Structure formats: C-alpha cells, structure tokens
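Chemist: Next come a sequence and a model predicted from it.
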Amino acid sequence: MPTLRFHPWLWAGVAAAAVVLLPLNLLSLQPLHQDEALYATWAQQIASGQDVWLSQTAIDKPPLYLYVLAGAMRLLGSGSTAARLPSLLASAATVLLTFWLGRRLYNPATGLLAAWLAALSPFTLMFAPTAFTDPLLVALVLGSAVAAAHGRAGWAGFWLGLAIATKQQGVLFVPLAAGIGLIAGGRRAELLRFGLALAAVALAALGWDMARSQPAGFLAASSANYGGLFADPAAFAERWQGFADLLALATASPLLNGIFLAGLPLLLAVGGWQIIRRPVWRFAAVDWLLAGFALAFLLLHALFSFQVWDRYLLGLIPLLALLLARILLLPLAIYDLRPVPARVFTIYDFRFSIYNLQFTIHNFWAGVIALLLAVSLARPVQDAINARYPLGSHSDALRGIEQITAYLQGHAGANSTLYHHWLGPYWRFYLAGYPYDLQYWAIPIELAARARPGHLIAFPTNRSETETRIALAGAGLRLHELTRAFAPDGRPTIILYRLEAADASP
C-alpha cells in the first residue's frame, strides 16, 4: 500500500485560499470605511493621471500602499472591489508567510497550525476584503521576519523598509525583526546590513515626500490629523481594556482564548527550563521574543495616546497564532523531551494498523487539535464572514451608500452642489468623474449662510438633523427628501435632501 504523505505547503496553500474565498461576500456586504474611501480617492488621482505625485493633495500616509492601490485600479477599474484586492492578496500572503516563519523558527507542524489559526482569525477574515493599509503592512513585516529567520539581514531590512513605506507604524516592528535575526545567529555586520537596507528604503519614501510640491509632508499631516502622540498614563487602564477586548476577537473563541491565557505562562516556563538545558534553547528564545514583543506592543499602545482601533492589532495576529500553535503542541513537545533508554520500546515507537492507516501519538494529538479548532472556530468564522464583529470595514451606519450615489448619478444634474460634513471621503470616491461641486460645512450656521435652493445635502440617520433644520429655517430654507439608502435589514441609513425655499409648495 502506498503511504499517505503529509505536504505542509499544500495545506498552507489551502489556508491561504480560504482567506481569499471565505470573506468574498464582504466585498459587497460592507461599504467602504471612511479611511478606505480616502485612500482609494488618493489612488484614483494617481491612476487617472490627475495628480500622479499627489502634489495637490495633503496625504498622511507614506506612498507605497497608495501606488499599489493605484496599480490595482489601473488594471481593474476604480471600483471598491479593485481597491480591496491588494489587501485580499496580502492577507493570503500573510498566511503563507506565517507558515514559512513557523516552519523556519520551529517546525512544519507549528507553522501549519499557526497558518490555519491566522487564516481563521476574525481579524484576518474581516480585514482581508478592505482597502486599509494594514494587511499589506503585516505581510511585509512577516516577509522581513522570514528573511531574518533565514539569516538574510539585508533582505530583512529591505522588506521592513517597505513596511514603513506602507505605514509609519512599521517602525514599531524593528525590534521583532532584529530579535529574530539575532536568534537565527545574526552578527554585528549583519545587523548593520539590516539597518542600512531599512534606512535606504525608508529614506526613499521620505525623498518622494520632499520632492512633492505639497508644503506639508505626510509625517506632519499625520501628526496634525491624529492630534499628536504623547504619554497619557491617566487613560492607561481604559485603553488597555479597550485593546484587550478587541484582542479577544483574535479567535473570538472563549475556549481558545482560555487555553492561550492559561497555556502561555506554562509555555514560557517550560521554555525557561529549556534555555537552561540549552539543547533546544532556540525554540524557547523565540517563544519569549514573540510573547515579550506582543506585551510591549500592547503596553506602548495603552501608555501613549493611541486611538483604540482594531487595525493597530492586526500585526499581532500571526505572532499570537504562532504562540497558540506552540501551546496546543506543547504536550507533544514535553512528551518528546522525555528520557527513553535505547533498549525500551515505547508507545511512541509502536505502530498499529486501522483501515490500513498508521497512527502514532502525534497523529492522535493532531486529530484532537483539528477537532478542537473545528468546534471552537466554526461559529467565529461564520460570524466574521457575515460582518458580525466590529472589525475591519464594519459600519452598519453607512450600508447602502451606493444607493445614494446611484441616485445622484442618475438624477442630479451636472455641477450640482452637494454639501457634506460626515460623508466627504465617500462622495469623492464614489462620485469620482462626475462634475459635482462638493462643499464642506463645519457648523449649521455656516451651512445656512451659504446654502441656496436646489443644493443637495445628505445626512446619516445616526446623526441629528435638528440644529441644521433650525439654522436653515432661519435662512428661509427647508429640507425636501429625495431618496433614502437602506441596510439589508430594512433600516434607513442615509437620507438625501434637496434644499428648497421655506415657502415653496411641497
């Protein structure tokens, strides 16, 4: 009888394919988040040739992701699906890189289990079909970690430099890549190559920014838009709890989360003993590095004035998947470390045949883990691909916005004035190429002073219209409803109005 062979790369590929296929319905189910619409609008300007260098646009992100996005739009059109394709592919690459990293740092079984844990995480599934910068950032960070694990310091610096050129937060992962390189046997000269390669790519992104005619660079714009970053220990507990609540959705399984919290101290304790014994110290050193980095990352975000945003945690998902895989495989690791006299035959060496398949302790435990994942992750995966978690593009408030844009494109005349307060990035993206006069208003009195009959305005239904109606009434104007957008459950989400003279007939 031919023996069934285990092909870990094949099964890792299946996990990567699952990340692409499982959340495909979210492409149409979820509207773009405000930041997605903003990035996609910038990419449209590049792809259309309207502003290739973004010299007329104040941006707060490095250029790499915007040009990747523009390339996708140039090839596939300027719709939201094209805007989200790079993140979908980057998420699949993240799964494969998680396997590759686990295989290199530990063994193929750990890498494969971690790849599946990363692939089935609600974070991965709900961020994959988005136009956020973070999925590409995470893939590039993992590419750097894989290169560092193979002792390729220059390539590690190159990929991490590209991560920083995708999003500024990439710089936070420098200690991770450097630590992996040191564990892999890196020397001082290799660390120098790592730093030089990283600096070269990061400086290229800064050089691009300085070459633009835009007076404010992306770093200055980012700081201004974010409100600055400063130590804020008074709000530490609140931010820590907020990030902890979000991180519970890494698996969204109370059982797996409990196993992780209970098993991590045991894993690190066993690792400390292994480091003392030295024969397999590298595995334990990696455990301590991943756990220490994740903890430091969370402490940094809780101590400083970071917003409690889910996207900041996406980079931790592959690392936590590796640690959870190590915890789930820890019984086998302990079993394999037992002293066995050469003359003694143990159950580990015993082979017995059932239906012509050979089973061992390892096979049995693999089956237990597979059953555990199937039972504990079935519901979280189902909830994730139906957008039931507050992750990624999740925004019930603006579902159906495409219905409003379709109405505008079909009924409103050229050069119509459309006022916006909350929805500006959406109109710039969805109405790109249509000659609308988009006008921002900050306060109702300002709107009333500028508005004229025939102008248009849209309100999300979760925003009060009362002050605006009062201000407009003082200027002799009223709101006349034209159409509504509806969520799949029938709730109205956005109402489009035309401004009319208060004494006009209904």
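Modeler: Perfect, thanks for sending it.

Chemist: Return the helix or strand in the chain with minimum mean pLDDT.
Modeler: Using mean pLDDT, DSSP states H and E, strand 352-354 stands out as the lowest-scoring helix or strand of the chain, at a mean of 40.

Chemist: How is this protein partitioned into domains?
Modeler: What automatic domain parsing lists as the domains of the chain is 30-385, 396-501.

Chemist: okay if I get these as TSV plus mean neighbour count and distance to A12?
Modeler: From N, CA and C alone the C-beta is placed, and that goes for glycine too. Compiled in TSV, those are given as follows (neighbours: other C-beta atoms under 10 Å; distance: least, C-beta to C-beta, whole Å):
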stretch	mean neighbour count	distance to A12
domain 30-385	19	4
domain 396-501	16	34
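
Chemist: would you list those in CSV and tack on distance to V14?
Modeler: Shown next, in CSV, are the domains of the chain (distance: least, C-beta to C-beta, whole Å):
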stretch, distance to V14
domain 30-385, 9
domain 396-501, 30
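
Chemist: Contacts for stretch 456-474 next, please.
Modeler: 397-398, 404, 408, 412, 416-420, 422-423, 444-445, 447-448, 451, 478-479, 482, 491-499, 502 (C-beta atoms under 8 Å, 6 or more residues apart in numbering).

Chemist: again, but for stretch 492-506
Modeler: Outside stretch 492-506, the residues touching it (C-beta under 8 Å, 6+ apart) are 396-401, 404, 407-408, 423, 451-461, 472-473, 476-487.

Chemist: I'd like to know which of the domains of the chain is closest to V20.
Modeler: Of all these, it is domain 30-385 that lies closest to V20, at 5.2 Å by C-beta to C-beta.

Chemist: ends of the closest one, how far apart?
Modeler: In domain 30-385, first residue to last residue: 11 Å (C-alpha to C-alpha, to the nearest Å).

Chemist: how about the helices of the stretch 151-300 of the chain, start to end?
Modeler: Here the stretch 151-300 of the chain has its helices, by DSSP state H, counting those that start in this stretch, at 153-166, 174-183, 188-211, 218-226, 236-247, 254-277, 281-303.

Chemist: Would you tell me which of those gets closest to Q30?
Modeler: Closest among the helices of the stretch 151-300 of the chain, using C-beta to C-beta: helix 236-247, at 17.8 Å.

Chemist: what's the spacing between the closest one and its chain's center?
Modeler: Here helix 236-247 is found 18 Å from its chain centre; the criterion is C-alpha atoms, centre = their mean, to the nearest Å.

Chemist: What mean pLDDT does that helix get?
Modeler: Computed over helix 236-247, the mean pLDDT rounds to 97.

Chemist: which residues touch it?
Modeler: Against helix 236-247 from outside (C-beta under 8 Å, 6+ apart): 232, 298, 301-303, 306, 308, 310, 312-313, 316, 320, 391.

Chemist: Using a markdown table, please lay out the helices of the stretch 151-300 of the chain together with distance to T360.
Modeler: Listed next are those as a markdown table, based on distance: least, C-beta to C-beta, whole Å:
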| stretch | distance to T360 |
| --- | --- |
| helix 153-166 | 37 |
| helix 174-183 | 30 |
| helix 188-211 | 39 |
| helix 218-226 | 54 |
| helix 236-247 | 35 |
| helix 254-277 | 22 |
| helix 281-303 | 21 |
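
Chemist: averaging pLDDT over each of the ones you listed, which comes out lowest?
Modeler: helix 218-226 (a mean of 84).

Chemist: Dump the C-alpha coordinates for that one into PDB.
Modeler: In PDB, the C-alpha atoms belonging to helix 218-226 read as follows (Å, rounded to 0.1, in the frame of the first residue of the first chain):
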ATOM      1  CA  PHE A 218       2.900  63.000   5.200                       C
ATOM      2  CA  LEU A 219       4.500  62.800   8.700                       C
ATOM      3  CA  ALA A 220       3.400  66.400   9.500                       C
ATOM      4  CA  ALA A 221      -0.100  65.800   8.100                       C
ATOM      5  CA  SER A 222      -0.300  62.500  10.100                       C
ATOM      6  CA  SER A 223       0.600  64.200  13.300                       C
ATOM      7  CA  ALA A 224      -1.800  67.000  12.700                       C
ATOM      8  CA  ASN A 225      -4.700  64.700  11.800                       C
ATOM      9  CA  TYR A 226      -4.100  62.400  14.700                       C
END
